[in-house]
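Asker: Sequence and computational prediction follow.
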Amino acid sequence: MPSRALRHIPIFLAGIAALALCTALSLALGARSVPLSTVTDALFGDAHGRDALVVTGLRLPRTVIGLAVGAALGVAGAVAQGITRNPLASPTTLGINAGAGFAVVVAIFALKLNSPAEYVWFAFAGATGAAVFAQALARRAGDIDAVRLALGGTVLQLVLLSWTSAVMLMNQRTLDEARFWLAGSLTGRTLDVLWPVLPTLLLGLVVALAVSPALNALALGDDSAQALGVPVARIRLAGGIAVVLLAGSAVAVAGPVAFIGLAAPHLVRPLLGGDHRLLVPGCLIAGPLLLLAADVLGRMVIRPSELEVGIVTAFLGAPLLALLARRVAR
Amino acid sequence: MTATANQLSTQGLDLRYGDRLVVGELDLTLPGGAVTAIVGPNACGKSTLLRGLSRLLAPAAGTVTLDGSDIHRMSARTLALRMGLLPQQPVTPEAITVEALVRLGRYPHQRLLSPWSAADQKAVDEALERTGTAALRDHPVDRLSGGQRQRAWIALALAQDTELLLLDEPTTFLDLRHQLDVLDLVAALHAEAGRTVVMVLHDLGQAARYADHMVVLKDGRLAAAGAPADVLDAELVKSVFDVDCRVIPDPETGTPLVVPMSRGARRGREPERAEARRAEHGRGLDPG
């Protein structure tokens, strides 16, 4: 209904404004702070010099990658929670990020890969494997049990993380190659890293938007959804593919960045409600907002050095998971 | 049988959970344009049968047909346009309002890019009105009382606008007042809106009062089917529920009313029952 849809426009506009602010901060702040006027000159004018170079050469790719990765993880989280009907589900808690990370590290070790463009297919394979395995763990009497899913996924994540460490320790080169990538980082990447995953990222996004009306019916339980004409198994499969495409693309570019996918839907729901037709686009804004904010924070806390964004999000996300788990278990 | 009589029937239907046969070799016809109650003791397969009739459970053998066509050969959406279902324990999404819940009933009528239409809104408003939940439309469903919540869920099934409505124990967990509210609502849907209703019920008296047709199951088999007045008698209750009773005309409605024998009377029959049980197991009455 139009009047209802209109009610949400100010919230979307506020979200976009906040995202624009974070984008500006991400371009301006860091070990070397650049005035915003110089940022604008560097982007749109013809400013030269060290400041301009920092902005266009380093911070612009970093920010664009942050926007893409944040959007992918945020939307993946919303869809993961929708298809599992589980507020604790996310690419992190289902072990999908860790699965992608493990597959990439094995590929770095065994096949001597060294660029994220080559990682991407391994990331998809690992993400798929972990998603399927987490589902299998959670299956009881033909149904997916919500608590078992989150628990199984978290255990799976721990196992995969330990295997990942083991593979890295086998070989110095793998360790060097994978360490920064694995911490979840936006630094030291050029936009060339983003282009190869852009098609899969967009495809995942389109599928996520397409299944979002069905996710509303799925929220009523499988029986009700089926009675409303939702092909439940097919929608789950499509949603699962979207999650794997989005999370796999994000991990290939930035490594496993934890908790963005978990937090974004929980940030959006109180503002826009549980309607997935709003939630998914909302997470498209909230995901990059959270990721860029965490990245900027990581640059500020130990200046002139910086923390990888994955460490910041893990640090802030863990208490959030504890809080949500308490609420769900209540 | 006309083409759109909304008549559900089963032919040699077997329903299984894993290895366990829950409903076996069921040949059943549920008359269109009527209210049918499915009754039987706990674990007799009533809810399983409803799942089979609504395509939630695929038959291990046999078929379920709606006006002659196999429901398992229809698309999910085609069936959803003809048959609505209220499951026994539906999931209420967190913080959803009554109106948002009822709007989901329009799902099968919508396409990906088609906007919410005036017809959709009309169906939702009517469903809210008919179930007496219009005043609650902006309330969160998870804060409603059990009776209000059940009416909101029935409103969802109404907004789906199907001629056939399946209800799985719609009165469970409700007190008497709200049980009657829900059953009166069902009766009104049938009488005023011409809906065909199939519901699983626990209470035999309520089933007899509110149903035109009764299906009695025992151990997954058909024990009896027909109009309550023809089907429900002391013999049937004894054989299906193992309860001695009298069946008298309901003083209010004249429909059959099951009155269990007093405890003393049932006790008095205990030796008789034990004897019958022994006879059934083919043992001698007295070894001496």
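Answerer: Right, received. Where do you want to start?
Asker: So for the residue of the stretch 101-250 of chain A found nearest chain B, what's the nearest residue that isn't a sequence neighbour?
Answerer: Chain B sits closest to residue A:229 of the stretch 101-250 of chain A, with a gap of 3.0 Å, by C-beta to the nearest C-beta. Quick note: C-beta positions are derived from backbone N, CA and C, even for glycine. Residue nearest to residue A:229 in three dimensions, not counting chain neighbours: residue B:80, with 3.0 Å by C-beta to C-beta, 6 or more residues apart in numbering or on different chains.
Asker: and stretch B:128-145, how far apart are its ends?
Answerer: In stretch B:128-145, first residue to last residue: 16 Å (C-alpha to C-alpha, to the nearest Å).
Asker: Mind listing what's buried along that stretch?
Answerer: Buried positions in stretch B:128-145, judged by neighbour count with 16 or more other C-beta atoms under 10 Å in any protein chain shown: B:128, B:130-131, B:133-134, B:136-137, B:140-141, B:144.
Asker: can you list these in JSON lines and add secondary structure and distance to chain A?
Answerer: Compiled in JSON lines, the buried residues of stretch B:128-145 are given as follows (DSSP: H, G, I helix; E, B strand; the rest coil; distance: C-beta to the nearest C-beta, whole Å):
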{"residue": "B:128", "secondary structure": "helix", "distance to chain A": "14"}
{"residue": "B:130", "secondary structure": "helix", "distance to chain A": "19"}
{"residue": "B:131", "secondary structure": "coil", "distance to chain A": "16"}
{"residue": "B:133", "secondary structure": "coil", "distance to chain A": "16"}
{"residue": "B:134", "secondary structure": "helix", "distance to chain A": "16"}
{"residue": "B:136", "secondary structure": "helix", "distance to chain A": "17"}
{"residue": "B:137", "secondary structure": "coil", "distance to chain A": "12"}
{"residue": "B:140", "secondary structure": "strand", "distance to chain A": "10"}
{"residue": "B:141", "secondary structure": "helix", "distance to chain A": "10"}
{"residue": "B:144", "secondary structure": "coil", "distance to chain A": "15"}
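Asker: what two of those are the furthest from one another?
Answerer: B:130 and B:140 (21.2 Å; C-beta to C-beta).
Asker: which bits of the stretch 151-300 of chain A sit near chain B?
Answerer: A:210, A:213-214, A:216-217, A:219-221, A:223-224, A:226-231, A:269, A:273-275 (C-beta under 8 Å from any C-beta of the partner chain).
Asker: could you dump stretch A:94-106 to CSV, C-alpha only?
Answerer: This file holds the C-alpha atoms of stretch A:94-106, laid out as CSV (Å, rounded to 0.1, in the frame of the first residue of the first chain):
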residue,chain,number,x,y,z
LEU,A,94,26.5,-20.9,9.7
GLY,A,95,30.2,-21.5,9.1
ILE,A,96,29.9,-20.2,5.5
ASN,A,97,32.5,-17.6,5.9
ALA,A,98,34.9,-20.0,7.6
GLY,A,99,34.2,-22.6,4.9
ALA,A,100,35.1,-20.1,2.2
GLY,A,101,38.2,-19.1,4.1
PHE,A,102,39.4,-22.6,4.6
ALA,A,103,38.9,-23.5,0.9
VAL,A,104,40.9,-20.4,-0.1
VAL,A,105,43.8,-21.1,2.3
VAL,A,106,44.0,-24.7,1.1
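Asker: What average pLDDT does it get?
Answerer: Average pLDDT, stretch A:94-106: 90.
Asker: Stretch B:205-215 too?
Answerer: Per-residue pLDDT values across stretch B:205-215 average out to 94.
Asker: how about it: buried residues?
Answerer: B:205-211, B:213-215.
Asker: Double-check that residue B:247 belongs to a strand.
Answerer: Yes - assessed with DSSP: H, G, I helix; E, B strand; the rest coil, residue B:247 lies in a strand.
Asker: For it, give me its contacts.
Answerer: B:232-234, B:237, B:256-259 (C-beta atoms under 8 Å, 6 or more residues apart in numbering or on different chains).
Asker: Can I get these in TSV including secondary structure?
Answerer: Output for those, formatted as TSV (three-state DSSP):
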residue	secondary structure
B:232	coil
B:233	coil
B:234	helix
B:237	helix
B:256	strand
B:257	strand
B:258	strand
B:259	strand
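Asker: before we move on, the earlier item: in TSV, list the buried residues of stretch B:128-145 along with distance to residue A:182.
Answerer: Below are the buried residues of stretch B:128-145 laid out as TSV (distance: C-beta to C-beta, whole Å):
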residue	distance to residue A:182
B:128	53
B:130	59
B:131	55
B:133	53
B:134	56
B:136	52
B:137	50
B:140	43
B:141	44
B:144	48
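Asker: Within range of chain A, give me the residues from chain B.
Answerer: Proximity of chain B to chain A is confined to B:51, B:54-56, B:75-81, B:83-85, B:87, B:89-96, B:100-101, B:104-105, B:107-108, B:110, B:112, B:116, B:121, B:156, B:160 under the rule C-beta under 8 Å from any C-beta.
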